[in-house]
Every structure is written in structure tokens, then in C-alpha cells.
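Enquirer: Next comes the sequence, and after it the predicted model I'd like to discuss.
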Amino acid sequence: MNVSADIRALVERRQAGYSLEAPFYRSEDIFALDMEAIFRQHWIQVATEPELPEPGDYVTVELAGESILIVRDDDMEVRAFHNVCRHRGARLCNEQKGTVGNIVCPYHSWTYNLTGELMFAEHMGEQFDRCKHSLKQVHVQNLAGLIFICLADEPPADFEMMRAAMEPYLLPHDLPNCKVAAQIDIVEKGNWKLVMENNRECYHCVANHPELTISLYEYGFGYQRSDANAEGMDAFERTCVERAKQWEALNLPSVEVEKLLDVTGFRTQRLPLDRSGESQTLDAKVASKKLLGEFRTADLGGLSFWTQPNSWHHFMSDHIVSFSVIPLSAGETLVRTRWLVHQDAVEGVDYDVANLTAVWNATNDQDRTLVEYSQRGAGSSAYEPGPYSPYTEGLVEKFTAWYVGRLAEKIGALVRE
Amino acid sequence: MNVSADIRALVERRQAGYSLEAPFYRSEDIFALDMEAIFRQHWIQVATEPELPEPGDYVTVELAGESILIVRDDDMEVRAFHNVCRHRGARLCNEQKGTVGNIVCPYHSWTYNLTGELMFAEHMGEQFDRCKHSLKQVHVQNLAGLIFICLADEPPADFEMMRAAMEPYLLPHDLPNCKVAAQIDIVEKGNWKLVMENNRECYHCVANHPELTISLYEYGFGYQRSDANAEGMDAFERTCVERAKQWEALNLPSVEVEKLLDVTGFRTQRLPLDRSGESQTLDAKVASKKLLGEFRTADLGGLSFWTQPNSWHHFMSDHIVSFSVIPLSAGETLVRTRWLVHQDAVEGVDYDVANLTAVWNATNDQDRTLVEYSQRGAGSSAYEPGPYSPYTEGLVEKFTAWYVGRLAEKIGALVRE
Amino acid sequence: MNVSADIRALVERRQAGYSLEAPFYRSEDIFALDMEAIFRQHWIQVATEPELPEPGDYVTVELAGESILIVRDDDMEVRAFHNVCRHRGARLCNEQKGTVGNIVCPYHSWTYNLTGELMFAEHMGEQFDRCKHSLKQVHVQNLAGLIFICLADEPPADFEMMRAAMEPYLLPHDLPNCKVAAQIDIVEKGNWKLVMENNRECYHCVANHPELTISLYEYGFGYQRSDANAEGMDAFERTCVERAKQWEALNLPSVEVEKLLDVTGFRTQRLPLDRSGESQTLDAKVASKKLLGEFRTADLGGLSFWTQPNSWHHFMSDHIVSFSVIPLSAGETLVRTRWLVHQDAVEGVDYDVANLTAVWNATNDQDRTLVEYSQRGAGSSAYEPGPYSPYTEGLVEKFTAWYVGRLAEKIGALVRE
């Protein structure tokens, strides 16, 4: 890729252990590069299977200037296409989700089947070759019900390593047999990397997330030991060991897998929850009485799954919360959150949407505010990269290091250690 | 004109019979070129005489970054000026339309008469020469009541050919003795050329315009003959021949004049309307009982008049609908629609505004949606120019070919055939 | 500074006595240069002492892309800092004004005292040096209660000359013992220089400011003598002489000081007010019964104080109106107006806010409209710099000349006479 000397210098002089220089958060040129080198080259998590349960069900995703149509075909396979008519380029599906029999262009009724072939186009004359006007395909992967797309011609091959590592953790939660109980989009006025950095630490949790810290132990992401917290940290570690054994007996792996610097980077870990220990709710009890998969016990803690560059997910015994981050511009980012429960759970009987969504709605809003404070701060000439805590921000560094490393590889820059 | 090699290459490689490459719809650089090479060099239809019936009546038009003041002077002549005070540059008239005695700057009361001469400027001292501070004039033409302006120093001379060809068609409808019964502006989030391409075909009508196709035959713009439509097309052709004779007896020309590739490109044709055949209304009957000019019969079909690059008009026995397209940015376009009836027609007695405007309000809104789908689609990397139908999109091609040809001439590029 | 040849040419060819060429009002490149060469290099008036009466009281100001935190410390000194945490750059104070004990970052609770030292940062490990992470300071000056900041490393030294000249005029009005009775922000859709030019003349007052001209003599800023106004001008001059003597007896200087071309340019003058002569109100009587400082008499006229590049202030016997201009973009400017009365004045008893603010609320709104007309006009290709009146726009010329001169010095350009 062809990038300016200024950007190349920024990448090359990035200092490990420190936040990024301001242009990484503010420059539209670097945003364009992020789209090209990160979001068009990697596997991007954008949807979940329960959003399109039946043939003809579709979702559309706006990513890196593209509109992608993700649709379940008549053989139940999930497919992805560029959402553009081959005639005069009209967008085919103009809602975020819906159901179609065939894909019919609203402009002149050109009609494609669910595998993308052009079936019908009126008035085009005898010379016209329908076969040359199929929809253009996009790569798609389905990992235990999480849908990833890749816009590159040749997607990273190590997706299969993530699949092999993650399926034992994820499959017991049986996401494909869930339903979407709630989906909420928020737009944060901050760069997507600030959204991700915010997600990768809990240093800010105690001061900002009263709802989340009811169930979430603040020690889970690393903490500097002090007289004040030594007792709590020791107790947490004992709990971890104890619960891991119980989960092992249920065939539920909990040990951390940390591959955040892989091309298809990810991390997972199952950790105990505080108080009742069942779920990320306001009372730490399950939000849905109908447990997922074949679970018989509710206190399965929280299984976190993070992917580079843009998603995180919390799998619990009763529900799953799934977050996809979609950059909109250097200063705006969409965060799409879905709450999924067992497909047989009945609203008002087994679960209540307000209770189900209370913690993460509040937490998302708090995080939005913090991201916006950071975005504003990075606009100051007085901003300079500050030090990450070696105790609480080690995983932020892993996000930033992955980002800079991937950028460097794509643009052929050298990164200092 | 000085344009980049990239733009020159786009112009030179344009393939006849296909929609334009995406930058023509999306790039602000090409939008700037469009303003310079198209909208500042050609005759642009922007108003109708009935919008300024009396001396001192004015309209203002925002075009290509300019504000133009069109005003009727005391000798009933229509004049056009740059709407800028010669003192400190304040905009003189800040409403879309109004009436003035003189043109008085709101800032320091510099006062110009209706022919643009500075009559009064206080406190300017003895050295000040009023005569050097007249308003700057803009070229203006009045074709049968349609007002055109040209921002070029030397406007295209072939306007007079259009006038000669068109007056026999237009004058019987007596636009100058109409009044504006309704005027509605809509902003479409699409490039102006998508608005024009949409206007130049009826391939999309059947699927999108239920109100318009009550009176409009879909065959009028070209159709590929098939078993399903052969009977209808034959019937339409017989009707055309029959009605043309009746109109000829009334001295109303109806034969197509197609000069879409002229510098001042245009096209006209009078075609029968369906059902009652009188007017583009929800029942195809006249919307105004008071017929235009000296008409005695209502079933005069629809006379269409199109101009390059930015207008179309439907003249009927009882009313006229006049559309001007004003580009705002690469992705935004103003469509200004006026419905005109006989100046003596009485609202509530002779006509009802809701009935008069029903068809084109609905149709404009439907077209806006289609244009916006196309604009979005052109933002995709998967968009590529698609083939125009040789049957239904021949006149779209004539618009696109005119546009590319004019651009090529202005920038000195070669266009492939 | 490194600027384009185009901008350099614009600066060099500026013609004295004429308004600026359009790019000075419209170009974002010149706006960026204005921020760099004008707003980052000079003393900028941004606040008044009564906005932060107690220790821990702060205001934030957004200027030239920076957020500046102005805070009163525990020793009652006014300090200014870049409003950016030294950790990950979050904005510290996110309201326009407020009160804090310490300055605590909302993100991870890094805590600074009111002199900017980092007192507390958790989890940062043993290697971390708190002393290297103090807030970054900004230069600040307090002139008789008016707060100025300077973003330059070395601020202009001649601020002290302005202080020496102005204190005798300003101190009697005792601004530090006032309180803010009302503060209103408006955003004008015009370049900041049009806002300033508008402020520097009253040529437009008679036609536009019916409320202001109740108390303000239009002759005060210069007028061309004519038969119609000779009598009024003579009477005004006699009044000026007479009142100056009365004020002198009260130790209130009134003679004009005009240093508008100094680096820290300014101008002051005390002039009589019309009618009751007491205050800029709808009846020209005082708006607050509690007079300022040690004043015993209400008819002290109006003391105007202007600073380059961005403020003006009217000091009267009973209240002060203070205006700061904050550029937002080439086409948008914030005007912040504060009305200040004696700190012991009681709302509803001594003053009524609606009455206090009536004149300048109306006048600000009228000026906003005029500035917006000028901004629009400058967008026309027909706009060219027009002549300033030698009688009524001499002080506009002084603003423009100061601006161009300062720009020229900063970029090393030559300015024609």
C-alpha cells in the first residue's frame, strides 16, 4: 500500500507501553488506512446466526464504505454479497434486516436468487448475458454462531486456528439455537481504537461502572497488589481455582487462551462472577430462566471472547451479549450490541428485556462517555502518548501492538520494539 | 480548464451504453468540475415568468456557489444580477422570493435600482464614484415563460435554435399568463446526474410509480416488445397516430424533436395520456377547470419538454408542471417543482391544490428514494458501470453522452465512441 | 510558518481601505493559518474573574483546537492548563464551568491539585514518576478582572503597556467584585473577521439596531457631515466636551486611547449616552440600582474597551457587558456575552435579567444576521473587496490592517501600503 511518509513515520516511532499518537485517533487519512489495512484485510465479526434464522432472512452491514448483504440461502447456508445491483448500481436491500424470497432490485426489478445469480432482467435485449451479472461474493465464516466476513481477496488462513481453539469454549452455549431478545446500536463520537482500548481494560470500572461491577470482579483484567486489595485479590484467586475445577467436571474449559498478536487475534477466558455468580445482571442472577444448550446449573461464570480488531462477547449460562464495533469515521464508531437468549425462552415469562439489558446498556453508555472524553483530549496539542499501567493495561497494549504491527506489515514499515 | 489526469482518464475511458464510473457520482472534485464545465457554461433553467409577475418581484437562485437575483424591472423586462453588494459584499436579497422597490442592501443601505445601478451610498466621501459600483449582470433568456440563466461570459449561441423549435409547441399553453399554484422543493441525497438519469427513462415506472402510471403510458419512452406487451404497444401506437391528427387540426404540434446532443440540448414530444387522457392526475382528468391559453378542449395529452442539463416540464391543457434541478454537492440535489394554472383559475373553485399536486408529489418522492439507492450503491467498491437497456434507456444514454461530451470539450479530452 | 504561495500572494496584495478578498472569509486553509498566526500567538480575552470567584471554580475554553482549563487555585490565583490528562489523554473537565476540589480525570481517576501537580495515580507501578506528569500550563493575564490567555511559548510583552493604559479606565468599575447576571452564547454562521469588522463600525446601526440606538449616539464612531446631520453632530461634540469635564472631576478618564495597530492592539474611549445617558438599556436608565465600585452617580456614559483580535466590552455605571469572540471554523464563530452587575445586587430587587439583557440580545441577533449576509456574499464569484467609508469605517480598516500586518509578520510576507 501507498502511504505518506508522515504516516509511515508515525507507525515506525510508536513506543510500546504508551497510547498512540493523536493522528491515529483523529486523522481521516489514517482512518482511510485503517479501513484499507485493517478492516478490508482481516476477519471482521459483524453478526450472529440468530439474526437470520430462516432462508431469505438477511442483515446488511455497512463496513469500510461497503454495504454487505448477509443472507441465509435455501440450503440454510449463510452467504455474503456486495449489496449492489449489477445494472445501474442501486443498493438492493435498504434495511438493516429483513426477509426476501429472491433479491429484487427496487429500481428496475432485476432479480437475483439467494445464491446471487441473476434470474431475470427485462428489456435488456438478445445480446445481454445474464450469467455475467451475478452478485459479487464476500468471504464469510460462521464460528459457533458468530458470523465473520472478510473483504480481502485472500482472507487470513489462521481463522481455522481460532475455530479449533474456540469451539470447545463456545459450542456448549449453543448460540445457533438462541434468539435475539434485544439489539441496540449506539454511535460513540470517538475513534474505533479508543472504543477497543476501553474494552480491553477494567482499570476504569470501579470509578465508572456501578452496574457492571455488581457481578464483575475488577481483578479479572490485572491489578497492582496493595495493602488495601491484597485480601480481595487472594480471595479472587482461590475462587478462580475452585470454580475452574467445578467447570472442568462439566466439560466447560475455563483456562485463558491468549492469541491477541495472531493475525486473526483473539483471547478467551472463563472467570467467576461476583455475588450469586450467575450472570451479568443487576443482582448477578440469571436474566433468563431457560438456560442455554444443555446447561443444568446457572453458576457458570462469564466466558469472555475477544477478537481483533472489533468484537467482544460474554457467554453465560442463561444469555449471551455480543458486541460488534463498526468504524464510521475517524471520530465516530458504531457499537452494535445483541442480547441473545434460548430460542424457546418466552419474554415476560422466562426473561424481561429491561432486566436482561440493564447492565450493558448502562455500561455502554458510560463507556461511550469515556471514549468521547478521550477523543476530545486527543485533539489537544498538549496531548502526548501516556504510559499504560503494567498491571491493568497490559491487554490494551496487546490491542495497540497488534494494530500497529498489522499496519506495519501491510504498509511495509518497521516497528520499533 | 485544468483538471487532474485521473479525471481526464475517467472521461476518456467512458464506455457508451453503460452508466458512469462511481467518481462521477461521488467525487467532490468532479462535482466542482461539473459546476465549472457544465453549470457555469450552459443555459440553466431556473425559474418561470409567473414567479415574478410585477415590477420589483424577484426570485433568488443558488447555483454553482453563486446567488443570482432574478428581478422584473419597471419596463417589465426580466433581469439577472449577482446578488452581492458592491460595498462589503453582503447578500442583498436573502429570501427565495419577494418584492422590492429598489434593491437596498440590508447592511449599510446602499441602494440600487432595478436595472442594477447604484443610486445611493451614504458617508462614502467625495472621491467615491457611484457609477463604478453597479450590480454585476448575468445573462438571462425567456423562452415562452421559462427563464434560463447563463453564468458564462459568452453563452452558447444555439439557444435561439431551441427557441425557434420550441415556441410553436409551448406558446399555445401560454405560460406567461399562468400563476404558480404550488411550489415544492425537495433535496435528494444523490448526485444531480442520477436525478437526471432517473428522469430520462420510464423503465422504473411500472414498479415504482402507481400514481403516475394512471395517466402515463409506460411505452412512451421505449419498450422491448414481448408476447405479453405486444397488444398494448400496438394499441398505443394507433392512439398516437390518431391523436396527432386531432392535435394537428388544432395547430398543436406533437412530433418528437430530439436535439439532446446539441450544446443547448433539448427534446420535446406530445404524447397521448391514458384513460381520460386529459392530465397527469389521479383520474387523468383536468385538475383545473379553467383551461390554459385559448384551449377549448381538455384532451390534449402531455407535452414534454426536456433541457440539458437540468430541467423537464409537462404541459397539459389545464396545467403545467415545471422541474428545475439544482446540484448542491456531489451527494445532494435540489429538485424544485412548480405547478402552474391559468392566472384566472380560482383555488377551491377551479382547482384544488392537493389534487393538482398529488401525482408529482408522490412521484418525486418515489424518484428521490430510487436516486438515493443509486447514490448509496455507487459508494461500493463492487459497483461497476452496468449496461443501459437498448430499448428503455436510450435517452438516459443521450443524457450521459451529452454530459461526457460537454465535459470532454471543456477540458480538452478525447472521448471514445 | 510555512504557507502556500497563494496565501502569501493574498496577504501581499491586500489593498488598504478595502474589505478583504473572499478566501480570508471562506478558506479553511486561511482559517488554520488564522489559528496558528493570530489566535495561538496573541493574548486572547476569554473570560472574566467573576466567572470563577472561589478556589476550585473553573471555566473551560475551546480555542484553536485546544481545550483550556482556567481555574482559581487555593491561593486565589487564576491559573490556566491544557485540559488533558497525562495518562491516556482524556479531557479532564467536560463542562463549560464548574467547581472541583482537585482535578480528577473521569477515566482512571488520576488526580491533580489546583496548581496542576499529579498527586495520585493507581496501579502505575514502582517505575512511574509522578513529577513528570503534571498538567501543561498556559500563560494567563488578569487585567482589571478580564482574563486573557496566550498559547504561545513567549507571549507578546506589550500586554503590560495595555495594562498600564487601561487600568485607570477600568479599575473604577470594579469588575472583580461583580457577578455574572447572565451569560449567553450564540454561534454566527460567518467568519470571525466579519464578526469583528461588524463590531468596529456603527455605519450599520441606524438601519439595523433600533434598541441599541436608543442610548448609543451613531456619531460616536465617525460620520460624514451633511446638511441633515450637522446640527446633531455639533450637539454631540458639545455634549462630549461637557461630560468629559464632569467625569474628570470624578477621576474617570474618558479621552480616546487608540493603539489598534500594536501587537496587543486595543482602543478605549468613554462617550456620552443619549437620552437619560446612564446605560445601554431600552430607556437609557440604569438596569441595576446597585451601582458598581464606589460610584455615586449613574450618568457615566459608556466606556468601550476593544482588544485585537477578539473582544469588546462596555463598562457603565451599573453594569458591564463583555464579549469574547471564539472562531469555530472558517464559517462559524462563537460570540460569548456576559452581563455583570455588582456582586451584592439582588435579582428581582436591584435588577431584572430580561431588562438587563434586552438591548444586547437584540443587537447580537441583528449583527448575527448581518454577518451571515456577508459570509454568504463572500461566497459569490462576483464578490470583490469594496471600499470602506473614510468616515464611518476607519476603525474597521484598523482591524483589517492589524490582522493583515500580524499575518504578514508571522509568515514573513511583505504588505503593500
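Expert: Here it is on my side, so go on.

Enquirer: which residues sit in contact with the residue in the stretch 251-400 of chain A that chain B sits nearest to?
Expert: Proximity of the stretch 251-400 of chain A to chain B (CB to the nearest CB) peaks at A:Leu328, 13.3 Å away. Where C-beta positions appear, they are placed from N, C-alpha and C, glycine not excepted. Residues near A:Leu328 by CB atoms under 8 Å, 6 or more residues apart in numbering or on different chains: A:Val187, A:Leu334.

Enquirer: quick check, it in a strand?
Expert: Yes: counting by DSSP: H, G, I helix; E, B strand; the rest coil, A:Leu328 is located in a strand.

Enquirer: The residue lying closest to A:Leu250 once chain neighbours are set aside and A:Val371, how far apart?
Expert: Nearest non-adjacent residue to A:Leu250, counting by CB to CB, 6 or more residues apart in numbering or on different chains: A:Thr297, 7.3 Å away. Between A:Thr297 and A:Val371 the computed distance is 36 Å (CB to CB, to the nearest Å).

Enquirer: Which one's more surrounded, these two?
Expert: Legend: neighbour count by other CB atoms under 10 Å in any protein chain shown for A:Thr297 and A:Val371, higher for A:Val371 (26 against 12).

Enquirer: Can you classify that one by secondary structure?
Expert: On the basis of three-state DSSP, A:Val371 is classed as helix.

Enquirer: Whichever residue of the stretch 201-350 of chain A sits closest to chain C: neighbour count?
Expert: As assessed by CB to the nearest CB, chain C sits closest to A:Gln224 within the stretch 201-350 of chain A, at 4.2 Å. Residues contacting A:Gln224 under the criterion other CB under 10 Å number 16.

Enquirer: So it lies in a helix, does it not?
Expert: No: using three-state DSSP, the assignment for A:Gln224 is coil, not a helix.

Enquirer: Just the element for A:Ala157, please.
Expert: Under the assignment given by DSSP states H and E, A:Ala157 is not contained in any helix or strand.

Enquirer: gap between it and B:Glu160?
Expert: Taking CB to CB, one finds A:Ala157 at 69 Å from B:Glu160.

Enquirer: Just want to know which of the two has more residues nearby.
Expert: More crowded of A:Ala157 and B:Glu160, by other CB under 10 Å: B:Glu160, with 12 against 9.

Enquirer: Check for me that the more buried one belongs to a helix.
Expert: Yes: assessed by three-state DSSP, B:Glu160 belongs to a helix.

Enquirer: separation between it and B:Thr48?
Expert: In terms of CB to CB, B:Glu160 sits 20 Å off from B:Thr48.

Enquirer: The stretch 151-300 of chain A against chain C: which residues are in contact?
Expert: Within the stretch 151-300 of chain A, the positions near chain C by CB under 8 Å from any CB of the partner chain are A:Glu197, A:Tyr203, A:His204, A:Ala207, A:Asn208, A:Tyr223, A:Gln224.

Enquirer: same deal with the stretch 301-417 of chain A?
Expert: Near chain C, when you scan the stretch 301-417 of chain A using CB under 8 Å from any CB, you find A:369-370, A:373-374, A:376-392.

Enquirer: Which of the residues you listed are buried, as a PyMOL select command?
Expert: Selection of buried members from these for PyMOL, criterion 16 or more other CB atoms under 10 Å in any protein chain shown:
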select buried, chain A and resi 369+370+373+374+376+377+378+379+380+382+383+385+386+387+388+389+390+391+392
